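Q: model the structure of this input:
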Amino acid sequence: MSGHPTPYVRKTCVDPNNGKDVTRDAQLPSWCSEVYQKIHYYGDNMDDFLDAVVPSPTPCTLPDPDVSISKEFVPVKGQEKKSYEPLMKIFEGLVSDFPDDKKLSFYNAHDQPLSFPFPEFANRHHVAKPDIMVSFPGETLPSRIKRPDWSQFSMVVEAKDTMQQDPFYDLDDPSFYKAKTLVQLAISARSLMIAHGFLATFAFGVYGDIVRIGRFDHACAVASPPLNLKTAAGLKGIRDFFWRFSHPWSSGPRAVVGCDSTIRKLTDSDIGWLRRRLGAEASDLLHGIDLQKHARRVEVWDEEGSTSRAFIAFKPIEFTARLFSRSTMVWLGIEDTRGADGMDDGEDGEDGEDGDVQLCVIKEAWRQLPRTPEKVFYERLKQTIPEDEWVGIPHMVCGGDLGLLEAKHYEAASKSSGGQTEWPAGFESDTSIAYRNGVQGNLPRPFHQTYTWRLTRGPRSKPQERSHVRFVVDVVGRPLSRFRRSKELALAMRDALVGHSLAMKYGGILHRDISSGNILIVERAASGSSSKGVVHDFDYSSMLLKPPKIVRLPRKAKATEPDSGELHPLELSDEYENIMELKERTGTYYFIAIELIDPEAPAIPHDTHHDLESFFWVLLWIVLRHTDHSHPDGREACSKVFKFGSDTDALSGKNNWLCRQYALKISGNKPLSDLLEGFRNLVKRARPYHANLQVIPLTYEAVIKIFDEALARPDWPENDPAIPFTPREIPANSVHEGAFKRPSRLVQASKRTASHATEVVSGAPTGSTTLASNISERSKRQKTSHRTTGSTPAASSSRVPSHTSRRSGKTPASNATSGRTKASGGRRGAEASASSSRNASSTPHS
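A: Have a look, this model is predicted:
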């Protein structure tokens, strides 16, 4: 996005400080902000929608459905739950003639909340409450499942009792209830994609007699035209969707449209091989993991070898559980050294011995197309950092951009007249399968790279698309929150700081996203590595077009600080390829430097001292959460310092900490106490709190020095592992239910007229239009994270400047639809007229 900086967008809290942060009401405004302007319509008829987003090689030749199957379905306002069983009967009737191995079944789940797909991270997210769940093709769901979870389902259905609750209808309706309904679908789509590794997923919305089908990926969502359950055309459209969904181009167990053919669940043979390969370490490494539900075998494209390599990802390490985002997933795994399909139980690597198995970390993410691929940063680091100085950064083993690869071959195949394009061996996708089967014209679009923005908004929207990246690094690590000794924590952060400085000094790379999740304690280093900790995840990094010129100094000379003539200050460098990206506010919200969240400060470039300050906030975060310290608020101290959502509150919390009168004491741990206090003083002196004190900029040399001095001390405790942190539970009735019930609390109340009511029931608009109204003007301002609904700036101490006003800022320009009109096609056809005659007396939901 060079030249076009975008404001920081408020997102869902992924690492809550207390139980209240996890509640639906607490996360709803952030979800609304996340889906804002990312919901589109496509096509004036269902056939166009299906052809564009539900590709299938197998046409449906079944006769049209009998309209009588929906006669018992009579939705009644206020009696939503009574519609679930009749609705399921309609769906079951539509798929009754499908082949047995393609038939779908349906499950009434309305009274069984589903937790986040991976139990290790469930305490960060509130439960979902879908109404109806859909099986995978050929699988029959029982009438009652004792403990349902996302691994059992392929799709979700949310049902509302009236047509007026259709969130995809009136784009100028700011009704809070419609925004809430849309978020329900988005949360379920997110959970399905994480649980199965889907590239895209589908969610049904039923509103009275009207059905909408939403297709979600990691860039945006596309909604179908309205389908009426009481008409032949509507039922046929739904049946044809089910047919296509269960007849994808890819094959194999649980194949559906949107699945990733480069991953699969583990078989019993896989699990047996994995346990044998891990040997004596299997019991520890696999403890508490349901391998059949949560592990997977993945293909990683090796660009250097122009082939794919298989890995078994068996333990999730970290997730970014957002929908329209990078959606980063980090796994612990090993390479699958069996045959290409992973089904060979030969002698290769049958038994592992202690220390014999090379563990690795597998990472997947969805890169925004204008951003430099992370692989490029690792290549620069490998080319520029001398191996004898390499500390604090992992090496990349293999990997590549699957979306870029698929898109390149799709474009070549689309232009090829004689079928001369060769697809890379070992790489399977819907597009490659179709091409190999001789399809020349209507190839399925790439799924590893999103295309829905361009589909609905045209080629100028390409920067909004995302590409699927998967790669492997050689360092296996633990989160900082799981340190076994506090000295181990300090060692890991010290080496990560050195790695950060080497990336700047030799590679000209600025990380820009220092967080507790992006620094790891090295569990098992690669051969020859001395790193105790690493900084990783260069997704948001920036780098010079050319590496800085470095003069190698004698080994005894200290050169921890980059050559200021080459690299500092960054904002003045005219060599930056993406200099305007530096003006974006990036980073994990809790750890962003004070200067970058100050509501009254002008927009400034992200520089090295901002990352160094983020290291301090990471250390403080870990100490407040995972040690026995002297703060009077105990386990609640972290939530008092680190505020989420409001820049003013976040600024006040951090400023108050820097200017507090007393140093924090960690019980029985003077080295860590002194390290934390020394680091606090460095950060404080770098801020202009006192006119008579000289500002001393943060430097690598100063920060690494205080770590070295602390680590040299002999009085570190021997047995002080991290204290587990669990967000404090709160009584269910302590969350104010009305906080987000009244539309005025999030959005202005909708004022609908009787004439509009007639328009609503007579049909819904279609065409390519962006949902831009479910968030009010107030919610739009939340996108810049300057203010949160109902928040009050926290009082500042007498020494801290008060920041109570909000700097003016521009919201991103909306898509070129400000002059949009309702497409007439939304009221065409028999289904619209049937709906109108049946519901003309209905009143709209306000």
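
Q: count of neighbours near Leu381?
A: The burial count assigned to Leu381 is 23, neighbours taken as other Cβ atoms under 10 Å. Where you see a C-beta, it was placed from the backbone N, CA and C, and this is true even at glycine.

Q: now do the contacts for it.
A: By Cβ atoms under 8 Å, 6 or more residues apart in numbering, the contact set of Leu381 is 393, 502-503, 506-507, 509.

Q: and Thr384, by the same measure?
A: With contact set as Cβ under 8 Å, 6+ apart, Thr384 has these partners: 506-507, 547.

Q: try it again at 10 Å.
A: By Cβ atoms under 10 Å, 6 or more residues apart in numbering, the residues touching Thr384 are 502-503, 505-509, 547-548, 550.

Q: got a pLDDT number for Glu80?
A: For Glu80, the pLDDT comes out at 88.

Q: again but with Leu693, I slipped
A: Confidence score, pLDDT, at Leu693: 76.

Q: on that earlier part again, which one of the contacts of Thr384 is nearest to Gln694?
A: Lys505 (26.2 Å; Cβ to Cβ).

Q: how many neighbours does that closest one have?
A: 23.

Q: for the contacts of Thr384, point out the one with the lowest pLDDT.
A: Scoring those by pLDDT puts Ile550 last, at 62.

Q: sorry, back to before: could you export the contacts of Leu381 as a markdown table, including neighbour count?
A: Shown next, in a markdown table, are the contacts of Leu381 (neighbours: other Cβ atoms under 10 Å):
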| residue | neighbour count |
| --- | --- |
| Ile393 | 29 |
| Leu502 | 24 |
| Ala503 | 25 |
| Tyr506 | 20 |
| Gly507 | 25 |
| Ile509 | 26 |
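
Q: which strands and helices sit next to the longest helix seen in the chain?
A: When the chain is parsed with DSSP state H, its longest helix is helix 176-196. Other elements packing on helix 176-196 under the criterion 3 or more Cβ pairs under 10 Å, 6 or more residues apart in numbering; DSSP states H and E are helix 24-35, strand 39-41, strand 132-134, strand 155-160, strand 201-207, strand 210-216, strand 221-223, helix 743-746.

Q: C-terminal to the second one, what's the next element?
A: Looking back up the chat, that one is strand 39-41. helix 46-53 (DSSP states H and E).

Q: for the helix or strand that that next one is followed by, packing partners?
A: Downstream of helix 46-53, the next assigned helix or strand under DSSP H and E is helix 84-94. In terms of contacts (3+ Cβ pairs under 10 Å, 6+ apart), helix 84-94 is packed against strand 106-108, strand 132-134, strand 155-160, strand 201-207, helix 232-246.

Q: quick one: which of these is nearest Asp66?
A: Across these, Asp66 has its closest neighbour in helix 232-246 (8.2 Å, Cβ to Cβ).

Q: can you name the element that comes right after that closest one?
A: Sequence order places strand 263-265 as the next helix or strand after helix 232-246, per DSSP H and E.

Q: average pLDDT for the helix or strand that that next one is followed by?
A: Following strand 263-265 in sequence order, the next helix or strand is helix 268-278 (DSSP H and E). On average, the pLDDT along helix 268-278 is 95.

Q: pipe the contacts of Leu381 into TSV and attach distance to Gly205 and secondary structure per row.
A: As requested, the contacts of Leu381 are exported to TSV (distance: Cβ to Cβ, whole Å; DSSP: H, G, I helix; E, B strand; the rest coil):
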residue	distance to Gly205	secondary structure
Ile393	46	coil
Leu502	51	helix
Ala503	46	helix
Tyr506	52	helix
Gly507	48	helix
Ile509	44	strand
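
Q: and those, which is closest to Arg470?
A: Closest to Arg470, out of all of the contacts of Leu381 and judged by Cβ to Cβ, is Ile393, at 19.3 Å.

Q: and that closest one, what are its phi and psi?
A: phi -140, psi 140 (degrees, to the nearest 10).

Q: per-residue pLDDT, it?
A: 95.

Q: what is the burial count for the residue lying closest to it once chain neighbours are set aside?
A: Leaving aside its chain neighbours, Ile393 sits nearest to Gly499 (4.1 Å; criterion: Cβ to Cβ, 6 or more residues apart in numbering). Here the number of neighbours of Gly499 (other Cβ under 10 Å) works out to 24.
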